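>>> Pasting the sequence and the predicted coordinates here, then a few questions.
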Amino acid sequence: MTHMQRSAGSIPNSFFFLAGLFLRTLNKIRHRIRGYTCPRPFTGVPDTAQDVAYTLEVVNNWQGALRAYTGDDTPFHDKHVLELGPGPDLGTGMVILALGARSYTAIDRYNLAAGARPDFYRSLSQRLRTYPAYDRARQALEGLLAGRFSSWFSYRHSPGFRLDRLPQSTYQLAVSQAVLEHIDDVYDVFRMLKAILTGGALMVHEVDAGTHTRWIRRLDPLNLLRYPESLYALLKWGGAPNRLRMSEYQSVLKAEGFKRIWTCPLVAVSPEYLKRVIPALAERFKRYAPDDLAVLSFRLLAAKEEA
């Protein structure tokens, strides 16, 4: 696990409270005008090489986590895979198919993948030529460029994120990257997931539990926990983080009957920063265990009980 070191020790907590408040107000205005447009952790001029590298890294991380969890070297092989919130493209689906998945389905609250760049897909396809099931990825690419999908490669846009409209007891593996933290009712999503997964199906999710506002994230990664519920709700926009901590996701999964729940912290704040910020957090978060508060990102794996 990586510890993030900060260099803002001399800046008072009151400054970060007011700075975060100002930035959240701007973000709410921006999202109301422009909508949700940038789900990736980097911004700027489109960079095909960067996008391809990011896509391959995401799937590689899922694959590594599943290998550690199951001991299976080919965890995508012959699986019906569901991805929650693929974001601005369906590149992860191409990679998953190239690794031997039987099918790939993606569902997203925002129709971001409709604007994916053809040059990104072509560049990604070149990188997948050595993968064991490259022909499937190539066929998916042909469909994407022609604007069509199939029974084994599909994408659904659901503003309400209604997973219950997907076929029941169908998917053997569910994956997501920095999506769960944007969902208000995590209980509902896991309940719907349980219904559409087959018995024994697996899930791997990477969750970003830190502040998402880019500038202040670097200096004050737990800024989103400073605000009382009423104020945070007032300045919330579609897609704003739900502020759940790692232990809460574990509790939700347990309550919904998932088994073999496994969490792997990836990034945490430094002990010095945590000690300085805890007194300035909203009362709700002061009651959490310090180790739980400290985690900024983590992987979450679980299994549905065999039928």
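Okay, I see it. Numbering: from 1, shown residues only.

>>> distance between the helix or strand hosting A140 and the chain's centre?
In the assignment (DSSP states H and E), A140 maps to helix 134-146. Offset of helix 134-146 from its chain centre (Cα atoms, centre = their mean, to the nearest Å): 25 Å.

>>> Which residues outside whichever helix or strand comes after it are in contact with it?
Using DSSP H and E, the next helix or strand after helix 134-146 towards the C-terminus is strand 153-157. For strand 153-157, the surrounding residues in contact (Cβ atoms under 8 Å, 6 or more residues apart in numbering) are 86, 90, 93, 97, 103-111, 113-114, 139-140, 143, 149, 165-166. All C-beta atoms are positioned from the backbone trio N, CA, C, and that covers glycine.

>>> change it to 7 Å
90, 93, 97, 103-108, 111, 113, 140, 143, 149 (Cβ atoms under 7 Å, 6 or more residues apart in numbering).

>>> repeat for stretch 80-93
Applying Cβ under 7 Å, 6+ apart, the set of residues contacting stretch 80-93 from outside is 39-40, 55, 58-59, 96, 101-109, 112-113, 115-116, 120-121, 124, 140, 144, 153, 155, 170-176, 179.

>>> make it 6 Å
With contacts defined as Cβ atoms under 6 Å, 6 or more residues apart in numbering, stretch 80-93 is touched by 39, 55, 58-59, 96, 101-106, 108, 112-113, 116, 120, 124, 155, 170-176, 179.

>>> before we move on, what about stretch 16-33?
Taking Cβ under 6 Å, 6+ apart as the criterion, the residues outside stretch 16-33 that touch it are T213, I216, D220, N223, R226, L235, W237.

>>> same thing but at 10 Å, please
Taking Cβ atoms under 10 Å, 6 or more residues apart in numbering as the criterion, the residues outside stretch 16-33 that touch it are 8, 11-12, 36-37, 211-217, 219-220, 222-227, 231-232, 234-240, 277, 280.

>>> Could you pick out the buried ones from the contacts of strand 153-157?
In terms of neighbour count (16 or more other Cβ atoms under 10 Å), the buried residues within the contacts of strand 153-157 are 90, 93, 97, 103-108, 113, 140, 143, 149.

>>> For those, give me TSV that also has distance to D188.
Written out in TSV, the entries for these read as follows (distance: Cβ to Cβ, whole Å):
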residue	distance to D188
L90	25
G93	24
L97	29
S103	25
Y104	24
T105	19
A106	19
I107	14
D108	16
A113	23
A140	30
G143	31
F149	26
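
>>> Make JSON lines out of those residues and add pLDDT.
What follows is the buried ones among the contacts of strand 153-157, written out as JSON lines (pLDDT from 0 to 100):
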{"residue": "L90", "pLDDT": "97"}
{"residue": "G93", "pLDDT": "98"}
{"residue": "L97", "pLDDT": "98"}
{"residue": "S103", "pLDDT": "98"}
{"residue": "Y104", "pLDDT": "98"}
{"residue": "T105", "pLDDT": "98"}
{"residue": "A106", "pLDDT": "97"}
{"residue": "I107", "pLDDT": "97"}
{"residue": "D108", "pLDDT": "96"}
{"residue": "A113", "pLDDT": "92"}
{"residue": "A140", "pLDDT": "95"}
{"residue": "G143", "pLDDT": "93"}
{"residue": "F149", "pLDDT": "94"}
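
>>> Run through the residues that contact R129.
Applying Cβ under 10 Å, 6+ apart, we find R129 in contact with A98, A137, R138.
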